[in-house]
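**Q** What follows is a predicted structure for the sequence shown.
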Amino acid sequence: MLKQNQEDYLRAIYHLWEKDKQNIRSINIAKELKISKGAVSEMLKKLVKYKYIKMAPYSNIIFTKKGLKFAHELTHKHRIIEVFLKNIFYLFKKHIGIIAIVLFFIITNIVWICNCSLSLH
């Protein structure tokens with residue numbers, strides 16, 4: 001199970017991938033997440049290690065098959081929560097993103113805990 005900030009990076013990369021599959025660079029991710037390029041570089045190394053992305057120095061970032069599948073599912077689930085929050089609770093767009101992230105994190109952890117407790121029996 002990835003940490004929340006690792007999932008945030010994968011969602012940001014996926015968002016950029018939807019716009020332009022061939023031109024994903026660390027500077028674009030830094031702008032998307034509003035963080036430093038150095039912080040992005042450190043996280044990208046971890047995502048390469050976990051085999052979610054491939055990249056060479058000064059090159060574009062490419063999803064692995066595993067990474068694309070995971071990022072797609074993650075983004076899809078996140079968007080479902082955003083639509084739910086917008087349509088059911090009539091939240092403003094600026095609030096939906098952060099609430100959806102927190103809600104998604106809570107839901108995935110509850111499911112993970114339930115799965116762990118079921119495997120103990």
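**A** Done, it's in.

**Q** Spell out the secondary structure type for Ile13.
**A** helix (DSSP: H, G, I helix; E, B strand; the rest coil).

**Q** Now for it, how many residues are close by?
**A** By the measure other CB atoms under 10 Å, the count of residues near Ile13 is 29. Yep, even glycine has a C-beta here, placed from its N, CA and C like the rest.

**Q** Verify the stated contact: it with Phe63.
**A** Yes. If you go by CB atoms under 8 Å, Ile13 and Phe63 touch, sitting 7.2 Å apart.

**Q** which neighbours do the two share?
**A** Counting by CB atoms under 8 Å, 6 or more residues apart in numbering, the shared contacts of Ile13 and Phe63 are 53, 71.

**Q** Spatially nearest residue to Phe105 (excluding sequence neighbours)?
**A** Of all residues not flanking Phe105 in the chain, Gln4 sits nearest, at 5.4 Å (CB to CB, 6 or more residues apart in numbering).

**Q** Find me the pLDDT at the one you found, would you?
**A** Among the per-residue scores, Gln4 shows a pLDDT of 82.

**Q** and the gap between it and Arg25?
**A** Distance of Gln4 to Arg25, given as CB to CB, to the nearest Å: 23 Å.

**Q** quick one on the thing from earlier: neighbours of the residue nearest to Phe105, just the number please.
**A** There are 12 residues near Gln4, going by other CB under 10 Å.

**Q** what do you get for Leu2?
**A** Leu2 has 16 nearby residues by other CB under 10 Å.

**Q** Kindly report the same for the one 10 residues further on.
**A** Using other CB under 10 Å, the number of residues around Ala12 comes to 22.

**Q** Report pLDDT for it.
**A** Ala12 is given a pLDDT of 95.

**Q** mind listing the strands for the chain?
**A** 53-54, 62-63 (DSSP state E).

**Q** which residues are in contact with the first one?
**A** The one in question is strand 53-54. 13, 44, 47-48, 61-64, 67.
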